Structure formats: C-alpha cells, structure tokens
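>>> I need the structure of the sequence given here:
(one chain, ligands or ions: 2)
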Amino acid sequence: MSDNDASPKPVILTGAQPTGRLHLGNYLGAVRNWNAMQDDYTCFFFISNQHAITLPKVPAELRQNTYLCLAQYMACGLDPEKSTLFAQSHVIGHNELAWVLSCICPLGQLERMTQFKDKAKKQISVNSGLLFYPVLMAADILLYNANVVPVGEDQKQHLELTRDLAEKFNSTFSPTFNVPEAYIGKAGARVMSLQNPTTKMSKSDPNKLGTVDLIDSADVVRKKIMSAVTDSEGSVRVDFANKPGISNLISIFAAVTGKSAQEIEDEFAGKGYGDFKKCVADAVIATLDPVRERYERLIKDRAFLDETLKKGAEVAQRVAFKTLSKVYRKVGFPEKIR
Ligand code: AMP
Ligand code: TRP
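Ligands and ions are numbered 1, 2, ... in the order given. Take a look at the predicted model:
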C-alpha cells in the first residue's frame, strides 16, 4: 500500500454504513464506479459504523456487518493494495473534527436536513446523534481533504453542508480545506425493484424477490429475475413510463453486458419475455458468480480482513492526525509537546 498522503492525485472518499448485504443496485450504481476510480485517484473507502449507531443496532450484528460489508466491497473489486479501506471507529480524528465543525455549524441548518426530518418522524424519541450526523459526515470528508465524494442522491444535502462548513472554516480561520464536489452516479445507473419497478431497488424492500443481493446463489438470482414483474404487451423495448419492469431489465442487462438498449431491443425483437429474462438472468449470474466466490473466500479469512482494516487505519490515521493538528492550531489550541 502506498502512503496516500504523499500522492498528488485528487482524493476520492466515500463511506458506507455497514448494512449487511449489498444488492445489485449498490453494485451497478456505486461500487462498480468506485472500482474504476482506484487507478486514477487516491481513494479512501470506509465503513461508517459510527454513523450506523444513530439508529438502534444490535452490537453483535453491527460488528459482524462491518466484516460482511468489507468482504463484499473487496469481492466487488475494492483493492487494499490500491486504496485505503478502513473502519471509521478505528481512526481518531473524525469525532474530534466533527466537534470543531459543530461549533461553526448553525443548528437550524441541521434541523432542516430532509434525511433528519424523515428519520426523526419514524422515531419515538430522537437522539441528538441523528441531528448531529451530517456534521460527522462533513468531518469524515474534510479530514482527508477529499476533492470528490461519490454519494447517492439522498446524501446530496449533506454534501452541501460539508461544502458550507469547509468554506466557513476557511474564511473564519484561513484556507485549510478543499471544498469537495459530490459525484452522483449517472441516472442510468438507477436499478429499480424487480417487483415494484417504479421504486428503487433497496435493502429495505419488504418483498425479498424485488432485490438481487450480491451474495445470492445463482439459483436465487435466476428465480428473482424470472419472476420479475413485466407487462402484457410482450415486446422487449424501453418505455419507462408504460413498461417500467421490462425497461428496468433492459437497463440491468445493458449494465452487466455493456450492450446498448438499442442493441438489446434488436437482439430480442420478436422474442418473448421468457427468453429475454433467461438471458438477463444468465448475464447477471455471470457478473455476480465471481463476486460471490471471492466473498465466500474472504469472509472465512477473518485474519486477512482484520489485517486489511489495520493497514487501512494506519494510513488513514496519519492523514487524520495531520489535518487535525492543523485545525487545532488554527482554532487556537496550544500545541501538545511530546
Ligand atoms: P444505500 O444502500 O442506500 O446506502 O446506498 C449506497 C450506494 O449505493 C449509494 O451510492 C447509492 O446511490 C447506491 N444505490 C443504492 N441503491 C441503488 C439503486 N437501486 N440503484 C442504483 N444505485 C443505488
Ligand atoms: N451518510 C452516508 C450514508 O448513509 C455514509 C457516509 C458517512 C458517507 N460518511 C460519509 C458518505 C462520507 C460519503 C462521505 O450513505
């Protein structure tokens, strides 16, 4: 692993909560893009387990999910030889910087965050971590002076806050942070539920047939795709308004094969949905089989996963301490003599 801190390449950073199982939407809409960035950027990818506890978690599951997610990300292609992979809780600095940023962050701006309002509505009592969460996210990003932050649409507002806080810190004290850009994946990268194709494929979908998990067996993947909702017209063509199910399958097929929608329409002209779905299933299985095989090998090798987290945390910690000491100096904390 190279010392990322010394590299002149732009910095890409993103975090993901340890949710357990990743699905095809996460892969095609996010992780696959991150893979492609590893050669051109200095990349930091971390599991945001401190964000995860803003909502109640079972400790044993949270711990295990960190490993499950790491193994799945690595199985998808995130490579600890190229990128820094780490767990947020292993690095000192995220919370320290979050505290400093909270002291320049207006309370009203946090109260207006749509994700906070949505999540708070569903809680009986709202903890202050839920409100504070976007400040911790800003600290995650600014601690590594990220230039580009790949996120889903739902995190765009948090990125705006991060940019505001970076600018405010820079103008209140002196230029310190890059003002990071959000990288939102292409619209075509939106994978919809197989059962309800007008909503996004999501881990919280109560209908398990709607979501293809990365580590589903080939049989399960085939079953889910063969039972995907379609329409009664019987022709394989893109029409998101009237044929969302078939259009979604065409997008998925295009994403995993690299074919264009037009090529797919031509290939399946005059053929039935059964034939088409079988080909989609074959192509998705061909993409996911190697991912699942790598995952199964990795998840059994806890020592290797621990070693990966350890090395990642060492690299991240060096950068984190450097930024933090700069920030502490700028806000007026005396230097700690060692
Ligand atoms: P989440 O699972 O919501 O935490 O999202 C993690 C990443 O996967 C984000 O970058 C999302 O934009 C992406 N993602 C999640 N669901 C989908 C989907 N159905 N289609 C495309 N990308 C998705
Ligand atoms: N809040 C993000 C989510 O729930 C995860 C996250 C935490 C993150 N810190 C980040 C994403 C920093 C990008 C950059 O999906």
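>>> where does the residue of the chain found nearest ligand 2 fall, helix, sheet strand or coil?
Ligand 2 sits closest to residue 15 of the chain, with a gap of 3.1 Å, by Cβ to the nearest ligand atom. For the C-beta atoms, the positions are set from N, CA and C on the backbone; glycine is no exception. Per DSSP: H, G, I helix; E, B strand; the rest coil, the local secondary structure of residue 15 is strand.
>>> One more: residue 45?
strand.
>>> re earlier: show me the contacts for the nearest residue to the residue of the chain closest to ligand 2 once chain neighbours are set aside.
Leaving aside its chain neighbours, residue 15 sits nearest to residue 48 (3.9 Å; criterion: Cβ to Cβ, 6 or more residues apart in numbering). Contacts of residue 48 were listed using Cβ atoms under 8 Å, 6 or more residues apart in numbering, and they are 15, 16, 17, 18, 88, 137, 140.
>>> any idea which helix or strand carries the last one?
Assigning secondary structure by DSSP states H and E places residue 140 in helix 128-143.
>>> do the same with the fourth one
Assigning secondary structure by DSSP H and E places residue 18 outside every helix and strand.
>>> tally of neighbours for it?
22 (other Cβ atoms under 10 Å).
>>> How about the secondary structure of the closest residue to it other than its chain neighbours?
Nearest non-adjacent residue to residue 18, counting by Cβ to Cβ, 6+ apart: residue 65, 3.9 Å away. With three-state DSSP as the basis, residue 65 sits in helix.
>>> tell me the pLDDT at residue 65?
pLDDT recorded at residue 65 is 97.
>>> thinking it is in contact with residue 19, fair?
Yes. Contact criterion Cβ atoms under 8 Å: residue 65 and residue 19 qualify, at 6.6 Å.
>>> more crowded one of the two?
residue 65 (20 against 16).
>>> quick one, what contacts the closest residue to ligand 1 within the stretch 51-200 of the chain?
Proximity of the stretch 51-200 of the chain to ligand 1 (Cβ to the nearest ligand atom) peaks at residue 152, 2.5 Å away. Contact analysis of residue 152 by Cβ under 8 Å, 6+ apart lists 29, 30, 184, 185.
>>> where does the stretch 151-300 of the chain dip in pLDDT?
Applying pLDDT under 70 to the stretch 151-300 of the chain flags residues 186-189.
>>> got the residues of it near ligand 2?
Within the stretch 151-300 of the chain, the positions near ligand 2 by Cβ under 6 Å from any ligand atom are 151, 155.
>>> just so I have it, where are all the strands in this structure?
11-16, 42-47, 84-87, 148-151, 181-184 (DSSP state E).
>>> Residue 56: which of the ones you listed is closest?
strand 42-47 (18.2 Å; Cβ to Cβ).
>>> just the CA coordinates of stretch 99-115, formatted as PDB?
Backbone C-alpha positions of stretch 99-115 (Å, rounded to 0.1, in the frame of the first residue of the first chain) are rendered in PDB as follows:
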ATOM      1  CA  TRP A  99     -16.800  18.800  17.300                       C
ATOM      2  CA  VAL A 100     -14.800  21.700  15.900                       C
ATOM      3  CA  LEU A 101     -17.200  21.900  12.900                       C
ATOM      4  CA  SER A 102     -20.200  21.700  15.100                       C
ATOM      5  CA  CYS A 103     -19.100  24.900  16.700                       C
ATOM      6  CA  ILE A 104     -19.400  26.700  13.400                       C
ATOM      7  CA  CYS A 105     -22.500  24.900  12.200                       C
ATOM      8  CA  PRO A 106     -25.800  26.700  12.700                       C
ATOM      9  CA  LEU A 107     -28.400  24.500  14.500                       C
ATOM     10  CA  GLY A 108     -31.100  25.500  12.100                       C
ATOM     11  CA  GLN A 109     -29.200  24.000   9.100                       C
ATOM     12  CA  LEU A 110     -29.100  20.600  10.800                       C
ATOM     13  CA  GLU A 111     -32.800  20.800  11.700                       C
ATOM     14  CA  ARG A 112     -33.700  21.500   8.100                       C
ATOM     15  CA  MET A 113     -31.900  18.400   6.700                       C
ATOM     16  CA  THR A 114     -34.600  16.300   5.000                       C
ATOM     17  CA  GLN A 115     -33.000  13.000   6.000                       C
END
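>>> For it, list every residue counted as buried.
Neighbour-count burial for stretch 99-115 flags 100, 101, 102, 105, 110, 113 (criterion: 16 or more other Cβ atoms under 10 Å).
>>> again with stretch 242-249
243, 244, 245, 246, 247, 248, 249.
>>> Mind checking which of the residues you listed are in helices?
Among these, DSSP state H puts 244, 245, 246, 247, 248, 249 in helices.
>>> Now the closest residue to the third one other than its chain neighbours. Its backbone dihedrals?
Counting by Cβ to Cβ, 6+ apart, residue 230 is the residue found nearest to residue 246 once chain neighbours are left out, at 5.3 Å. Note on residue 230: backbone dihedrals following degrees, to the nearest 10 are phi -130, psi -130.
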